[in-house]
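Enquirer: predicted model and sequence follow; I will ask about them next.
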Amino acid sequence: MSETIFTKIIAKEIPAEILYEDEQALAFKDINPQAPIHFLVIPKKPIATILDMTQDDKELVGHMHFVACEIAREQGFDADGFRTVMNCKEYGGQTVYHIHLHVLAGKPLGWPPYQERLKVE
């Protein structure tokens, strides 16, 4: 996998407001927040898309969700709730090809998450 902004953040070559770090994952605030609380949880292992995950990555992805929950509890927004999202490829809205879990909170989040609704015929 080629180097991405996330691999540079993991290597501390680019600064980020880090919320959590362990040997498997890193969580940091999103630089373009879409909600009052918006951070990303990324694996330190480079995996381009969720389609590139293997059987061995199941625990890692579960750990990413566990990290999101731990941060929600620590920051106190667990009671109100939050949304987690993993985008996949262009049509799914993925812009950085290193899997990442978006965590959004701090306001009621509508559905669908985009403004324009698709016409269903």
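Expert: Structure's in. What do you need? These figures come from a predicted structure and were not determined experimentally. Residues are numbered from 1 along each chain as shown.
Enquirer: please name the residues that touch residue 18.
Expert: Each residue near residue 18 by C-beta atoms under 8 Å, 6 or more residues apart in numbering is listed here: 26, 27, 28. Every C-beta, even on glycine, is put in place using the N, C-alpha and C of the backbone.
Enquirer: beta partners for it?
Expert: Listed beta-bridge partners, residue 18: residue 28 (assigned using DSSP bridges).
Enquirer: direction included, what does the lengthiest strand in the chain pair up with?
Expert: The residue-count maximum for a strand in the chain (DSSP state E) belongs to strand 37-43. Strand 37-43 has its sheet partners listed here by DSSP bridges as strand 25-29 (antiparallel), strand 101-105 (antiparallel).
Enquirer: quick check: mean pLDDT of the longest helix anywhere in the chain?
Expert: Of all segments of type helix in the chain, defined using DSSP state H, the longest is helix 58-75. The predicted model gives helix 58-75 an average pLDDT of 98.
Enquirer: please shift the residue numbers so they start at 514 in all later answers.
Expert: OK, 514 is where the count begins now, so the last one is helix 571-588.
Enquirer: buried stuff in that helix?
Expert: Going by neighbour count (16 or more other C-beta atoms under 10 Å), the buried part of helix 571-588 is 573, 574, 577, 580, 581, 584, 585.
Enquirer: same question for stretch 591-607.
Expert: For stretch 591-607, by 16+ other C-beta under 10 Å, it's 595, 599, 600, 607.
Enquirer: so what pLDDT did the third one get?
Expert: Read it as residue 600. For residue 600, pLDDT reads 96.
Enquirer: and the last one, by the same measure?
Expert: Each residue has a pLDDT score; the one for residue 607 is 96.
Enquirer: which one (most neighbours) among the contacts of residue 531?
Expert: residue 540 (23 neighbours; other C-beta atoms under 10 Å).
Enquirer: ramachandran angles for the residue lying closest to that one once chain neighbours are set aside?
Expert: Leaving aside its chain neighbours, residue 540 sits nearest to residue 533 (4.0 Å; criterion: C-beta to C-beta, 6 or more residues apart in numbering). Per-residue torsions, residue 533: phi -160, psi 140 (degrees, to the nearest 10).
Enquirer: residue 533: neighbouring residues, count only.
Expert: 15.
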